[in-house]
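In: the amino acid sequence is not available; the structure is as follows:
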């Protein structure tokens, strides 16, 4: 019917109550069948970085890879006046924030427990690079041993402003990761 009428079909569902499951796809209506049939699945989740905002994030997109979420909040506008009651008529509206948020649906769901994979990766990277530059291959291998996904590690690296540079004095030049100067320096 949708193909014949050239329309999109949108289904809306709440997550089930199994909050020990951190996969957004497994939390939809107790059945993976609903998300398996869809081309796109989006989730609305609490923003772990801003308690007054929500995230509109892709849980599934089988047409293109995308890990960017949209942040939004709510506002209220006066849209009219009721002369009979002598009061303004207010209506809520969505305020979309101008920048994307680099987070997956599963990371946002994990945030409900207080720790996100990206936050843990940031903390681990800061601690690991505190003593100075580290070979990028070594740090990626160590992160894997700490169960930090490479994509999560790279997002944390970008967010922290960690620089990649070739090692001095080497023709082949191994790549080193280092913290940006002064920004992360600890005061005694």
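Out: Thanks, I have the structure now. As the structure is a computational prediction, the values presented were derived from the model and not from experiment.
In: please, which helix or strand holds residue 164?
Out: strand 163-166 (DSSP states H and E).
In: quick one: contacts of that strand?
Out: 133, 136, 173-180 (CB atoms under 8 Å, 6 or more residues apart in numbering). Any C-beta I mention is one placed from the backbone N, CA and C, and that applies to glycine too.
In: buried ones from those, can you make that a PyMOL selection?
Out: The buried subset of those, as determined by 16 or more other CB atoms under 10 Å, is captured in PyMOL by this line:
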select buried, resi 133+136+176+177+179
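In: need the contacts of strand 163-166 in JSON lines (columns: secondary structure).
Out: Putting the contacts of strand 163-166 into JSON lines (DSSP: H, G, I helix; E, B strand; the rest coil) gives the following:
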{"residue": "133", "secondary structure": "coil"}
{"residue": "136", "secondary structure": "helix"}
{"residue": "173", "secondary structure": "coil"}
{"residue": "174", "secondary structure": "coil"}
{"residue": "175", "secondary structure": "strand"}
{"residue": "176", "secondary structure": "strand"}
{"residue": "177", "secondary structure": "strand"}
{"residue": "178", "secondary structure": "strand"}
{"residue": "179", "secondary structure": "coil"}
{"residue": "180", "secondary structure": "coil"}
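In: ok, the strand holding residue 164: who's next to it in the sheet?
Out: Within its sheet, and counting by DSSP bridges, strand 163-166 is paired with strand 175-178 (antiparallel).
In: okay if I get the contacts of strand 163-166 as JSON lines plus pLDDT and distance to residue 23?
Out: Shown next, in JSON lines, are the contacts of strand 163-166 (pLDDT from 0 to 100; distance: CB to CB, whole Å):
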{"residue": "133", "pLDDT": "89", "distance to residue 23": "36"}
{"residue": "136", "pLDDT": "90", "distance to residue 23": "30"}
{"residue": "173", "pLDDT": "73", "distance to residue 23": "40"}
{"residue": "174", "pLDDT": "83", "distance to residue 23": "36"}
{"residue": "175", "pLDDT": "87", "distance to residue 23": "33"}
{"residue": "176", "pLDDT": "88", "distance to residue 23": "35"}
{"residue": "177", "pLDDT": "92", "distance to residue 23": "30"}
{"residue": "178", "pLDDT": "90", "distance to residue 23": "35"}
{"residue": "179", "pLDDT": "88", "distance to residue 23": "33"}
{"residue": "180", "pLDDT": "86", "distance to residue 23": "34"}
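In: kindly list the longest helix within the chain.
Out: The residue-count maximum for a helix in the chain (DSSP state H) belongs to helix 117-129.
In: buried ones in it?
Out: Applying 16+ other CB under 10 Å to helix 117-129 flags 117-122, 124-125, 128-129 as buried.
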